[in-house]
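Novice: next comes the sequence, and after it the predicted model I'd like to discuss.
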Amino acid sequence: MSHANSAPKKRNPIGIVLGIFAGVFAVGLVLCCGIGLWIIRFPSVSADAATSFDSDSIAVPTFPQKGTSKKFPGTVIRTELVLGDGSGYGTPAGANTRLWIYLPEQKVPAASLPCVLICGAGSTMLTGMRLGDGDEPEHLPYVAAGFAVVAYDLDGPGMSEEPDVQAYEAFRSSNAGLVNARNAMEYALTQIPEVNPKQIFAVGHSSAGGTALLFAAHEPRLAGCVAFAPCSDLKARFPGFVVRSLSTTFQGLPEFLVKSSARTHEQKLHCPVMLFHAADDSNVPIKESRDFVARLKQSGKDATLLEVPTGDHYEPMISTGIPAGIAWMKKQLK
C-alpha cells in the first residue's frame, strides 16, 4: 500500500501569519465594537423608572401674603414671593424657593386671565435652577399679550456644572422640579383670583421646556403646553459612559434620568402640545422634537411642531417662538 498521499502537507508560513492576523483583527473588532456599544449604551434601569412621579404626597407649602414688587414699562407689576428661606434646599421639597408673579397693574375681573407657568432655563437636568434677570425677556411678552405669569425656582440650584451632590439630591427630591411646578399651579389657582383655572399653560425653553412637557404629562388640569427647543430625551442627551461615571457620585442616576425624561411619559400627555425648534440648533438636535411630535401624532394626540431654518438655540425662541406660542395658546382658548 502506498503512503505517498499520507505525508503531512507543508503549510504556507505567510498564510499562517495572515490567518493569525485575521483572527486577532476579528477578535479586536468584536472587542472594540463591544466596548464602543458599552460606552454609548445607556445603563439598564428597573421598571420603576417608567412609572409616574408622585408629587401629591408632598405637602403644598404655606404661601406668604406679601412680597417685594417691581414695576416694568407697560403697566406690569411683578411680585416676588419667598417660600421658606428661598435657598432651594430643605424638607419638604418645594418649601424653600421663590415665585415671581406677573400681573397687569390695572385691576381686571376675576377668572379673566389665562396663565403661564414657567421655570428658569439653563439647568443641567441633574440639578435645579433659580430665576434670574435674564429670564425676564421670556416672561414679559406673555403679560403684554394678556396672560398672568407665575415663574418658579427649581429645587437644588446647582452653582456650577461640577458635580453637586446636595443640589442633585434636592432636585431629585422635588421629582425633577414637578413639586415646584405643582406649587406654582396651586398658587395660581388659590391665590390669584384673576386667573381662569381652565386656562393655565406650562411653558419653557430648553431644559425648562423639558420640565414643561414632564409637568404636562403629570398634571391633567393644564390647558396646554408650549416647549421651545426642549430637552425631551435625557437618554439621548447623556451618553452611557457619562452616566456610569457620574453614577459614582449621584445615587440612582440612570433611573432618575429615565424617570425625569419627558419622553418616558409622553403617552400620558392629554393636553394639546406645541413644540418650537430651529433646524440648526446646536444644543438640542431638532430631530428630538420631530420624533417627539411624530410619536404623539401617531398615537392620536394633539401635537404641533413649528420649525424655523436658522438662529440656533436661543434667538429664534425670543423673536419667533414666543409670539407663535402666544398665538397658539390663544387659539386653544377659543
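Specialist: It's in. None of the values given here were measured: they were computed from a predicted structure. Numbers count the residues shown, from 1 in each chain.
Novice: which stretches in the protein count as strands?
Specialist: 68-72, 76-82, 98-104, 113-119, 148-152, 195-205, 224-228, 273-278, 303-308 (DSSP state E).
Novice: redo these as a markdown table? Include distance to residue 244, mean neighbour count and mean pLDDT.
Specialist: Glycine gets a C-beta too; all of them are placed from N, C-alpha and C. As requested, the strands of the chain are exported to a markdown table (distance: least, C-beta to C-beta, whole Å; neighbours: other C-beta atoms under 10 Å; pLDDT from 0 to 100):
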| stretch | distance to residue 244 | mean neighbour count | mean pLDDT |
| --- | --- | --- | --- |
| strand 68-72 | 45 | 11 | 96 |
| strand 76-82 | 39 | 17 | 98 |
| strand 98-104 | 35 | 21 | 97 |
| strand 113-119 | 29 | 27 | 98 |
| strand 148-152 | 32 | 26 | 98 |
| strand 195-205 | 29 | 23 | 98 |
| strand 224-228 | 29 | 29 | 99 |
| strand 273-278 | 30 | 26 | 98 |
| strand 303-308 | 33 | 17 | 98 |
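Novice: and those strands as CSV, adding distance to residue 326?
Specialist: Putting the strands of the chain into CSV (distance: least, C-beta to C-beta, whole Å) gives the following:
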stretch, distance to residue 326
strand 68-72, 17
strand 76-82, 15
strand 98-104, 14
strand 113-119, 9
strand 148-152, 12
strand 195-205, 10
strand 224-228, 9
strand 273-278, 11
strand 303-308, 12
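Novice: next, the contact list for residue 291, please.
Specialist: Contacts for residue 291 (C-beta atoms under 8 Å, 6 or more residues apart in numbering) come out as residue 233.
Novice: OK, contacts around the closest residue to residue 87 other than its chain neighbours?
Specialist: Using C-beta to C-beta, 6 or more residues apart in numbering and skipping residues adjacent in sequence, the residue nearest residue 87 is residue 96, 5.0 Å away. With contact taken as C-beta under 8 Å, 6+ apart, residue 96 is in contact with 83, 84, 85, 86, 87, 88, 89, 90, 155.
Novice: for residue 179, find the nearest of the strands of the chain.
Specialist: Among those, the nearest to residue 179 by C-beta to C-beta is strand 148-152 (10.0 Å).
Novice: show me what the closest one is in contact with.
Specialist: Contacts for strand 148-152 (C-beta under 8 Å, 6+ apart): 97-103, 113-120, 131, 135, 139, 142-143, 180-181, 183-185, 187-188, 192, 194-195.
Novice: the bottom helix or strand of this protein by mean pLDDT?
Specialist: Counting by mean pLDDT, DSSP states H and E, the weakest-scoring helix or strand in the chain turns out to be helix 13-40, with a mean of 45.
Novice: residue nearest the centroid of this structure?
Specialist: Closest to where the C-alpha atoms of the chain average out (C-alpha atoms, centre = their mean) is residue 210, at 2.1 Å.
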